[in-house]
Every structure is written in C-alpha cells, then in structure tokens.
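> Fold the following.
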Amino acid sequence: MITIRFFSLIREAIGCKEMSVEWSEQVSTIAALKQQLVHHHGRHWAEALHQPNLVHALNQRVVSADAPLKEGDEVAFFPPMTGG
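So this is what the prediction gives:
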C-alpha cells in the first residue's frame, strides 16, 4: 500500500485528507499516481493535482513528480509554501 496525504488547499479542493492505494507497476512514480487519482476521481482532482508549483513529498522529503514509488511509501501533496 501507498499512503497519500493531502494538505491545505489541495485537501479542501478534493475533500479528502488521506487515502491508501495498492502499489503496482501502474503507480510506480508520483506522476503515475497523480494520473491514476485523476482517472478514478475526475476533473476537480485534475485541477487540484496539476497546479503549477504543486509540492510533492515522498516519505517527508520534497521530490519531483518522476520520483519512483515502492510498497509502503507515504506521498503528500500540498500547495507551495510562502513566507518571508
């Protein structure tokens, strides 16, 4: 299983805080995972998960969308942080 967590505006947009999906060859990267989520949940998920500057975290480290996934990983999606 892969645990997926959604934060802040992403969580609000899709109405989901956390979920789990089975790991498979079809979800072997974060980009593939996003595509599967959009395929299963529809357009409003596409809008939320394909925002420019969306932050992807894998096991609590920020990574790019081509980061490989494995069984037991935790993925988090959140909007870019601002501050100063």
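
> residue ranges for the helices of this protein, please.
Secondary structure of the chain (DSSP state H): helices at 8-14, 30-41, 43-49.

> low-scoring pLDDT stretches of this structure, where are they?
Across the chain, the ranges flagged by pLDDT under 70 are 82-84.

> Nearest to Gly72, out of the helices of the chain?
helix 30-41 (14.0 Å; C-beta to C-beta). Using the backbone N, CA and C atoms, a C-beta is placed for each residue, glycine as well.

> Not counting the closest one itself, show me its contacts.
When contacts are defined by C-beta atoms under 8 Å, 6 or more residues apart in numbering, helix 30-41 is touched by residues 2, 4, 14, 21, 26-27, 45-46, 49-50, 56, 58, 63-67, 69, 75.

> just stretch 70-81 next, same as before
Here stretch 70-81 has contacts from 1-10, 23, 30, 33, 48-49, 51, 53-60, 69, using C-beta under 8 Å, 6+ apart.

> Any quick PyMOL command for the buried ones out of these?
A single PyMOL command selects the buried members of these (16 or more other C-beta atoms under 10 Å):
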select buried, resi 2+4+5+6+10+23+30+33+48+49+55+56+57+58+69
